[in-house]
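Asker: Got a predicted model here, sequence first, then my questions.
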Amino acid sequence: MPKTAIQATGLVKWFGDGEAKTMALRNVSLEAQFGEMVYIVGPSGSGKTTLLSVLTGILKPNAGKVLLEDVDIWSLNSDQLADFRLAKIGFVFQDYHLFPRLTTAENVAIPLVLRDKDWGGSIKEAEKYLEVVGLKSRAELYPVKLSGGEQQRVAIARAIVDQPDILIMDEPTASLDGDTGVAILSFVKKTSSIRIAAFWL
Amino acid sequence: MKGILRLAYKLLVNDTAKFSALLLGITFAVFLMMFITSMFSGVMNHASSTVINIGAPVWVMDPSVETISNSVGMPDYVLDAVRSMQGVKYAVPLYSGGALVKLGDGTWQSVTVVGLDDTSLYGRPELLEGKIEDIYAENGFIVVKDAEFSKLENPRIGSTFELNDNRGVIVGVARVATSGLYGIPTLYTTYERAIQYIPNPRFTISYVLVEPKSASDIPRIKQQVEALGYRARTKEEFMKKTEDFFIYKTGGGTNMMIMTFISFIVGLSISGQTFYTFILENLERFGALKAIGTKSRDLVRMILFQATFTALTGYGLGVGGCVLLIYLAKLRLPSYAAMVTFSNLAVSFAMVVMIAAGSSYAAVRRVLKIEPFEIFRG
């Protein structure tokens, strides 16, 4: 496995044309190693989310190159890119985006199910990761029964259940109280020290 | 079930309120479509009851005949001519007409009288009571025991009535495959007695029933009958002719089509709207799935699976409900004019597939358009 998780060079991204043209990324380069945790900070509208989207193959840059584990992701077609994201990247969204009609364990199992693993096995695996985030006893509950911090931990369990190489977290503690935020931060630090390269927005 | 489809299934059925609304919409639409078309099929079946009950493979008639009940008398030479045609194994006359009978209590009752060929009794019904040869007895009639039976005061063997000032005696009680459309009892007798008892115009043969030597002879027989100035129709063609009459010349068919179409629109509206709302509510999560790495075609598969599952479940419930209602109705009214046919099932299935396709079309478009980047932006 390559040591460098992400290598981005000369990223340029703008939105709109003419007078409405807004430059979001201007010649951005960065590099992240496995086991490293990268924090991206900046004021609102500074292009943090755009950068993460470009780095993870969600938003195509106007210029520049992104190598994830030495793979030029923007040379892949859309199906290959989707497979690559599913296999290599774990996402924690700001608003969690848990399915309210699926139990906690079923929510966590989604990435495994999407990779064609059998349902029963996926749920068992998900329960293991719920134990990791301290929510095993909540496996059968629906997200609405969980607190914000617990939902965030479910989202993290979902992001790491398929053992991704890169973990992307978009303001994961934005809607949490201070203590819960610190606990989540500490938990992710522990996780990322294994071999994941984690991005924290 | 494959994991992704099970995920789609759980997303669908766990949203109990929307799933119930979707099912209700499709079930209701299927039920209405099935029921309306079944009623029409039942009416058509009853309208062709004599054709079905007599069962002759080929019927010779006046060209202007459109249904079994509006026969036009044909002269005797037609029977002789048909008998001498190539490909005809045998041919017999049939009388079919209406009459009034005077019952024991002095009341009058309309009846259908079917006069069978005296020699062969071709097309005779299955007897429940009595012996068929008794039809030759003086004033002998066989009564059909169907839903209209009671209108003749539940006659038994030996019961008498008056038909056009002639005495009639019940010598047998029979059952037939299909009851008539007009809610009047049916009496069977011999052809000669029928034309003797019932006042008729000059020509008395309602139909000539033909048994061809083989099915391949039918086109030739039809040609020869046509040359004679009459029409030969197979049993199925005659039933279709009757059906066409009701569809195109009475407005019944148009009404049925309008009602079926309205049911379709109701089903499409309810399920389309509910399914689209269901997708809209989960749109962000679908976007999240896309961001995680789900391919667009897998999302489309999920939506199509959800639509198909709902449609098929609703179809089953709608068909089941319709069959149950018809069954219950027939317990009370044995000659209730409704029947489920393969055509009804196929029409309803085609429409439910269209409802599912229409409902999922808008949802698929919406899901394909969502950008995972929007999910990141929150």
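Answerer: Noted; the coordinates are in hand.
Asker: residue boundaries of the helices in the chain?
Answerer: Using chain A. For chain A, the helices defined by DSSP state H cover A:48-55, A:78-88, A:104-114, A:119-132, A:148-160, A:178-192.
Asker: um, chain B though
Answerer: Under DSSP H, chain B gives helices at B:3-13, B:16-47, B:49-54, B:76-83, B:191-197, B:218-227, B:235-249, B:252-281, B:283-292, B:296-332, B:342-369, B:372-377.
Asker: ok so, going back, of all the helices of chain A, which one is nearest residue B:240?
Answerer: helix A:119-132 (51.6 Å; C-beta to C-beta). Using the backbone N, CA and C atoms, a C-beta is placed for each residue, glycine as well.
Asker: Pull out the buried residues from that closest one.
Answerer: Within helix A:119-132, the residues scored as buried using 16 or more other C-beta atoms under 10 Å in any protein chain shown are A:119, A:122, A:123, A:125, A:126, A:127, A:129, A:130, A:132.
Asker: and it with chain B, contact?
Answerer: Yes - Helix A:119-132 lies within reach of chain B by C-beta under 8 Å from any C-beta of the partner chain, at A:119, A:122.
Asker: average model confidence for that helix?
Answerer: For helix A:119-132, the mean pLDDT works out to 90.
Asker: Over to stretch A:25-42?
Answerer: For stretch A:25-42, mean pLDDT rounds to 87.
Asker: That one and chain B, any residue contact?
Answerer: No - Stretch A:25-42 lies out of reach of chain B by C-beta under 8 Å from any C-beta, never closer than 12.6 Å.
Asker: again, but for stretch A:91-110
Answerer: Yes - applying C-beta under 8 Å from any C-beta, one finds that stretch A:91-110 is in contact with chain B at A:91, A:93, A:94, A:95, A:97, A:98, A:99, A:101, A:102, A:106, A:110.
Asker: tell me how far that stretch is from the chain's mean position?
Answerer: 13 Å (C-alpha atoms, centre = their mean, to the nearest Å).
Asker: Restrict it to CA atoms and write it as PDB.
Answerer: Output in PDB follows, covering the C-alpha atoms of stretch A:91-110 (Å, rounded to 0.1, in the frame of the first residue of the first chain):
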ATOM      1  CA  PHE A  91     -18.000   9.800   4.700                       C
ATOM      2  CA  VAL A  92     -19.500  11.400   7.700                       C
ATOM      3  CA  PHE A  93     -21.900  14.100   6.700                       C
ATOM      4  CA  GLN A  94     -22.700  17.200   8.700                       C
ATOM      5  CA  ASP A  95     -26.300  16.300   8.900                       C
ATOM      6  CA  TYR A  96     -25.600  12.600   9.300                       C
ATOM      7  CA  HIS A  97     -28.100  11.600   6.600                       C
ATOM      8  CA  LEU A  98     -29.200   8.500   8.400                       C
ATOM      9  CA  PHE A  99     -32.300   6.800   7.000                       C
ATOM     10  CA  PRO A 100     -35.000   7.300   9.600                       C
ATOM     11  CA  ARG A 101     -36.900   4.100   8.600                       C
ATOM     12  CA  LEU A 102     -33.900   1.900   9.000                       C
ATOM     13  CA  THR A 103     -32.600   0.700  12.400                       C
ATOM     14  CA  THR A 104     -29.200   1.900  13.700                       C
ATOM     15  CA  ALA A 105     -27.600  -1.400  12.700                       C
ATOM     16  CA  GLU A 106     -29.200  -1.300   9.200                       C
ATOM     17  CA  ASN A 107     -28.000   2.300   8.700                       C
ATOM     18  CA  VAL A 108     -24.400   1.200   9.600                       C
ATOM     19  CA  ALA A 109     -24.600  -1.800   7.300                       C
ATOM     20  CA  ILE A 110     -25.400   0.300   4.200                       C
END
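Asker: Just to check, residue A:143 is in contact with residue A:155?
Answerer: No - applying C-beta atoms under 8 Å, one finds residue A:143 not in contact with residue A:155, separated by 9.4 Å.
Asker: how about the helices of chain B in CSV, adding mean pLDDT?
Answerer: Output for the helices of chain B, formatted as CSV (pLDDT from 0 to 100):
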stretch, mean pLDDT
helix B:3-13, 89
helix B:16-47, 87
helix B:49-54, 87
helix B:76-83, 94
helix B:191-197, 92
helix B:218-227, 95
helix B:235-249, 89
helix B:252-281, 82
helix B:283-292, 85
helix B:296-332, 91
helix B:342-369, 87
helix B:372-377, 75
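Asker: okay if I get these as TSV plus distance to chain A?
Answerer: Formatted as TSV, these follow (distance: least, C-beta to the nearest C-beta, whole Å):
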stretch	distance to chain A
helix B:3-13	4
helix B:16-47	9
helix B:49-54	52
helix B:76-83	70
helix B:191-197	70
helix B:218-227	58
helix B:235-249	47
helix B:252-281	9
helix B:283-292	4
helix B:296-332	7
helix B:342-369	12
helix B:372-377	5
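Asker: Now tabulate the ones you listed in CSV and tack on mean neighbour count.
Answerer: CSV is the format used below for the helices of chain B (neighbours: other C-beta atoms under 10 Å in any protein chain shown):
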stretch, mean neighbour count
helix B:3-13, 20
helix B:16-47, 22
helix B:49-54, 22
helix B:76-83, 16
helix B:191-197, 20
helix B:218-227, 17
helix B:235-249, 17
helix B:252-281, 18
helix B:283-292, 23
helix B:296-332, 18
helix B:342-369, 18
helix B:372-377, 20
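Asker: quick one: contacts for the nearest residue to residue B:340 once chain neighbours are set aside?
Answerer: Nearest residue to residue B:340, sequence neighbours excluded (C-beta to C-beta, 6 or more residues apart in numbering or on different chains): residue B:38, at 5.1 Å. Residues near residue B:38 by C-beta atoms under 8 Å, 6 or more residues apart in numbering or on different chains: B:322, B:326, B:338, B:339, B:340, B:341, B:344.
Asker: Helix or strand with the lowest mean pLDDT in chain A?
Answerer: strand A:197-200 (a mean of 60; mean pLDDT, DSSP states H and E).
Asker: Endpoints of stretch B:194-214, how far apart?
Answerer: 31 Å (C-alpha to C-alpha, to the nearest Å).
Asker: circling back to that earlier point, what is the nearest of the buried residues of helix A:119-132 to chain B?
Answerer: Ranked by distance to chain B (C-beta to the nearest C-beta), these are led by residue A:119 at 5.1 Å.
Asker: which ones are touching that closest one?
Answerer: A:109, A:113, B:1, B:3, B:6.
Asker: Can you pick out the most distant pair from the residues you listed?
Answerer: So, the contacts of residue A:119 by C-beta to C-beta: farthest apart are A:109 and B:1, at 14.4 Å.
Asker: got the residues of chain A near chain B?
Answerer: A:49, A:52-53, A:56, A:58-59, A:78-79, A:82-87, A:89, A:91, A:93-95, A:97-99, A:101-102, A:106, A:110-114, A:116-119, A:122, A:170.
Asker: ok, of the residues you listed, which come out buried?
Answerer: A:49, A:52-53, A:56, A:58-59, A:82-86, A:89, A:91, A:93-94, A:97-99, A:101-102, A:106, A:110-114, A:119, A:122, A:170.
Asker: where are the low-confidence patches of chain A?
Answerer: A:1-3, A:174-177, A:180-181, A:189-201 (pLDDT under 70).
Asker: separation between residue B:176 and residue B:103?
Answerer: Note on residue B:176: its distance to residue B:103, by C-beta to C-beta, to the nearest Å, is 21 Å.
Asker: The two: who's more crowded?
Answerer: Neighbours per residue, other C-beta atoms under 10 Å in any protein chain shown: of residue B:176 and residue B:103, the larger number sits with residue B:176, 19 against 16.
Asker: For the more buried one, give me its contacts.
Answerer: B:49, B:53, B:125, B:126, B:144, B:146, B:186.
Asker: Ok, residue B:30 next?
Answerer: Contacts of residue B:30 (C-beta under 8 Å, 6+ apart): B:267, B:314, B:315, B:317, B:318, B:319, B:322, B:348, B:351, B:352.
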